[in-house]
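S.K.: How does the following fold in three dimensions:
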Amino acid sequence: MTEEEREEVLEEAREEVLEEAHEEISEEASEEASEEASEEVSEAMREAVLEEVLEAVLNYTQDETRNHRKTRQGVVVSATADKTCVVEIKARKAHPVYGKMVTRTKKFHVHDEENHAGVGDVVEIMETRPISKLKRWRLVDIIEKAK
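M.R.: So this is what the prediction gives:
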């Protein structure tokens, strides 16, 4: 959700809330003859409703704006660099013509902030924003430590 769309949704929600509040206030004002009481009630109602709407909109945008990210499992083959390790992922696929199972390997440079991963560890990695020239993945979890 872009910033403009978020502002639109927020503005629409504000308008709806204000309309509902005005309707409720006018009903209460007709029941109560006092103008001071209706003004106090309207102000308190507006503030409470606006807080609820803002909280709902913020929660919605935080949950809905984050994209789905790819995750992979692989084995650490190098952990010599600082805050970086190389993870090898193996995928077995059938050859399109001959049908023989072929093992494809791909190496990913992974961001490991605390240098926890060691060579031989089975790890889970997740796609992320570019961190350096080669690093586009980050370490999520160490599934199994090397023996």
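S.K.: the helices in the chain, which residues?
M.R.: For the chain, the helices defined by DSSP state H occupy 3-31, 35-65.
S.K.: Which of those comes out lowest on mean pLDDT?
M.R.: Note on those: helix 35-65 shows the lowest mean pLDDT, a mean of 69.
S.K.: Which strand residues bridge Met101?
M.R.: Ala94 (DSSP bridges).
S.K.: okay, now the domains of this structure?
M.R.: 3-65, 71-144 (automatic domain parsing).
S.K.: Any chance of TSV for the ones you listed, columns mean neighbour count?
M.R.: Bear in mind the C-beta positions are built from the backbone N, C-alpha and C, glycine included. Formatted as TSV, the domains of the chain follow (neighbours: other C-beta atoms under 10 Å):
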stretch	mean neighbour count
domain 3-65	13
domain 71-144	14
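S.K.: Which residues are in contact with Glu20?
M.R.: Glu20 makes contact with Val49, according to C-beta atoms under 8 Å, 6 or more residues apart in numbering.
S.K.: same question but for Lys147, I mixed them up
M.R.: Contacts of Lys147 by C-beta under 8 Å, 6+ apart are Gly120.
S.K.: Just the pLDDT at it, thanks.
M.R.: 84.
S.K.: Relative to Val77, how far out is it?
M.R.: Going from Lys147 to Val77 by C-beta to C-beta, to the nearest Å gives 16 Å.
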